[in-house]
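>>> Need coordinates for the following:
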Amino acid sequence: MTTASSAKEDGTSTTTTEDFFKSPRITWVALVVGLMITAAATLYMKSSVEEIAEKDFADRCNEIQSKVSERMDNYARILYGAAAFFEASDTVTRDSWRIYTQHQKIDKQLPGIQGIGFSLLIPQKDLPRHINEIRSQGFPEYTVRPEGDRELYSPVVYLEPFTGRNQRALGYDLLTEPVRRAALERARDTNDAALTGKILLEQETDKYIQAGTLMFVPVYRRSMPIETVEQRRAAIYGWVSSPYRMNDLMQGILGVRNAELGKRLHFQMFDGEQQSLGSILYSSHPTEDEKLFSAAQYSKLIPVDFNGKRWTLRFKQTGGGFYSVQYIQVWLTLVGGIIISLLLYALIRTLQNISENNLRLEAFSRSKSDFLANMSHELRTPLNSVIGFSEVLEDEMCGPINEKQHEYVNNILTSGKHLLSLINDILDISKVESGKMELDLTEFSLREAVELSFVMLKDKALKDGITLSIDLSPEADVNIVADKRKLKQILFNLISNAVKFTQAGGTVDVHVVRDADFIEITVVDNGMGIKEEDIQKLFQPFTQLESVYTKEFEGTGLGLALNRQLVELHGGRIWVESTFGTGSRFSFTIPLSQTTKT
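Model prediction:
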């Protein structure tokens with residue numbers, strides 16, 4: 001059984017992995033996979049965002065519950081202190097009560113409290129004396145409200161600060177209202193702080209009415225036992241109390257956090273466990289209806305228990321939907337993923353187009369190289385004949401010729417040899433580019449190859465007034481395995497270029513050193529040099545740098561390009577360092593030994 005990349009027995013091949021990646025299908029596969037990953041990442045991010053938001057919601061709900069519980073405990077401690085003040089004093093007068101409450105500084109320490117009061121338990125027989133006593137203290141209109149005969153009375157006699165709304169509560173009998181009476185009796189029987197249910201405080205006017213509640217702590221007669229319920233009922237003297245208007249209370253508890261929390265979530269406080277309109281103590285958004293709460297994204301119920309009294313806090317957080325700020329990370333994931341998927345799609349398509357263009361260019365390059373190789377062969381045959389006959393005429397082998405004829409024949413011979421050199425370079429480059437160039441590897445003396453290239457140009461250099469020199473280090477004086485003809489061709493091109501572009505009186509030096517398993521050969525001249533911006537153009541085919549100097553010399557622009565191809569074919573590299581106006585330094589490396597002939 002063959003794989004997708006194997007060949008069939010009849011010679012036809014199946015689709016390869018490389019063909020698959022070049023197929024247009026892969027672009028759509030990449031796009032679909034990218035979008036699927038984006039969808040999965042978006043859903044994961046949405047789940048994470050909602051999980052964090054839900055946890056944050058729960059934390060804020062618990063924070064409010066803790067603040068309410070802590071504040072009510074603090075209020076109870078204030079009342080316990082007030083009850084102790086009564087027990088420690090022989091007589092608590094109105095002035096001493098005012099001084100005591102002022103020193104508590106509750107408006108600063110625990111804002112939200114309406115005041116601290118005291119209600120005295122009065123038997124029916126003592127009521128006239130009590131009324132007269134209070135009136136003698138500067139309250140001539142004082143009476144116990146509501147009027148009527150009852151067995152016991154417990155009117156508010158002290159309430160500080162005694163200003164504004166609090167003055168309305170003076171003389172109000174707390175035992176006449178069932179909710180207040182139940183809390184009074186529970187505090188008396190348990191010797192603990194007790195909260196009333198939802199009430200309307202006597203402090204309320206006809207404006208800005210709020211739900212209210214009262215906290216009571218019992219005050220017993222001094223030196224009387226209070227171990228049992230019966231003893232406590234017998235010893236009860238009165239109650240210290242603290243009234244709360246619920247909106248003011250919650251503002252005092254939450255403080256500056258109230259506005260912040262109000263924007264982020266909604267909550268209501270109910271008296272007891274029943275969540276009804278009649279049991280609402282507080283609502284952060286009193287104008288909103290139940291439809292808003294029913295459409296909430298998150299909801300939570302948390303009880304607040306205080307000495308047997310339960311309040312229920314109901315929290316709701318309405319979501320802004322998928323377009324709210326909390327989903328910005330989800331949107332960034334979604335949009336970012338789509339953009340990345342599209343960019344990946346575009347990148348693959350671009351790479352495919354580049355690959356297709358490269359294949360076309362490679363095919364064109366091979367066709368060009370084949371054409372040039374064929375044309376070079378076709379041109380060299382008649383050109384060799386032209387050069388041969390020109391040499392025969394110049395040597396006067398067919399008879400004497402005059403001076404003018406010598407000039408013409410010399411021009412033909414020089415031009416023919418130049419054209420033949422150009423054709424040979426083109427043929428070599430074409431062979432390399434088409435992959436047909438092979439190395440003829442032999443072992444030979446490196447010194448001999450360098451000196452032969454040197455000798456070939458020595459006469460021309462002397463004629464032009466240029467000094468040539470060779471510096472071959474001892475460790476480089478070895479035999480190497482390479483293509484001897486091509487190595488001499490590389491050296492000849494570099495040395496002849498150096499001689500060509502060095503003026504009379506200049507020098508051209510050849511340095512040969514060994515670097516581990518490589519030979520490094522450098523040709524240095526003090527000619528005109530090369531501009532920095534032109535260095536990158538040097539090793540490109542048919543490139544000649546334009547200057548006032550180069551226009552004086554013939555050249556095909558193929559020498560350095562061919563040198564690079566031949567050096568790289570040997571497994572080496574070639575580079576140049578030059579300063580314009582000072583000279584150039586061309587260097588190349590080749591291995592000491594070759595292992596292949598490609």
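
>>> how near is residue 32 to residue 336?
Counting by C-beta to C-beta, to the nearest Å, the gap from residue 32 to residue 336 is 18 Å. C-beta coordinates here come from the backbone N, C-alpha and C atoms, glycine included.

>>> do the same with residue 461
Distance, residue 461 to residue 336, using C-beta to C-beta: 67 Å.

>>> Helix, strand, or coil at the nearest residue to residue 401 once chain neighbours are set aside?
Closest residue to residue 401 apart from its sequence neighbours, by C-beta to C-beta, 6 or more residues apart in numbering: residue 393 at 6.5 Å. Following DSSP: H, G, I helix; E, B strand; the rest coil, residue 393 is assigned to helix.

>>> Settle this for me: residue 393 is touching residue 402, isn't it.
No: the criterion here is C-beta atoms under 8 Å, and residue 393 misses it with residue 402 at 11.8 Å.

>>> Of the two, give the one with the bigger neighbour count.
Shown here are residue 393 and residue 402; by other C-beta atoms under 10 Å, residue 393 has more neighbours (19 against 7).

>>> That one: what's it in contact with?
Residues near residue 393 by C-beta atoms under 8 Å, 6 or more residues apart in numbering: 401, 405, 409.

>>> For those, I'd like a selection string for ChimeraX - just the buried members, please.
To isolate the buried ones among those in ChimeraX, judged by 16 or more other C-beta atoms under 10 Å, type:
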select :409
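
>>> Distance across stretch 460-469, terminal residue to terminal residue?
By C-alpha to C-alpha, to the nearest Å, the extent of stretch 460-469 from end to end equals 14 Å.

>>> For it, buried residues please.
By neighbour count on 16+ other C-beta under 10 Å, the buried set for stretch 460-469 is 461, 466, 468.

>>> next one: stretch 121-140
Neighbour-count burial for stretch 121-140, counted by 16+ other C-beta under 10 Å, picks out 121, 122, 127, 130, 131, 134.

>>> where along the stretch 401-550 of the chain do the strands fall?
Applying DSSP state E, counting those that start in this stretch to the stretch 401-550 of the chain gives strands spanning 441-445, 467-472, 479-483, 507-515, 518-525.

>>> Show me what the second one is in contact with.
In other words, strand 467-472. For strand 467-472, the external contacting residues (C-beta under 8 Å, 6+ apart) are 446-447, 450-451, 454, 457-458, 461, 495, 499, 506-512.

>>> let's see it at 10 Å
Here strand 467-472 makes contact (C-beta atoms under 10 Å, 6 or more residues apart in numbering) with 446-447, 450-451, 453-455, 457-458, 460-462, 495, 498-499, 502, 505-514, 521-522, 524.

>>> could you flag which of those are buried?
Buried members of those, scored by 16+ other C-beta under 10 Å, are 446, 450-451, 453-454, 457, 461, 495, 498-499, 502, 506-514, 521-522, 524.

>>> Dump the buried residues of stretch 121-140 into CSV; add pLDDT as well.
Formatted as CSV, the buried residues of stretch 121-140 follow (pLDDT from 0 to 100):
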residue, pLDDT
121, 96
122, 96
127, 95
130, 95
131, 94
134, 93
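
>>> Turn those residues into a markdown table, including secondary structure.
Listed next are the buried residues of stretch 121-140 as a markdown table, based on three-state DSSP:
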| residue | secondary structure |
| --- | --- |
| 121 | coil |
| 122 | strand |
| 127 | helix |
| 130 | helix |
| 131 | helix |
| 134 | helix |
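
>>> what's the closest of the residues you listed to residue 342?
residue 121 (82.5 Å; C-beta to C-beta).

>>> Enumerate every residue touching that closest one.
Counting by C-beta under 10 Å, 6+ apart, residue 121 touches 152-155, 174-175, 184, 188, 218-219, 221, 236-239.

>>> do you know how far residue 330 is from residue 265?
To residue 265, residue 330 is 20 Å away according to C-beta to C-beta.

>>> To clarify, my last question referred to residue 148.
Taking C-beta to C-beta as the measure, residue 148 and residue 265 are separated by 47 Å.

>>> wouldn't residue 266 be in contact with residue 300 here?
No: contact criterion C-beta atoms under 10 Å: residue 266 and residue 300 do not qualify, at 11.4 Å.

>>> any shared contact partners between these two?
Here residue 266 and residue 300 share the contacting residues 314, 315, 316, 317, scored by C-beta under 10 Å, 6+ apart.
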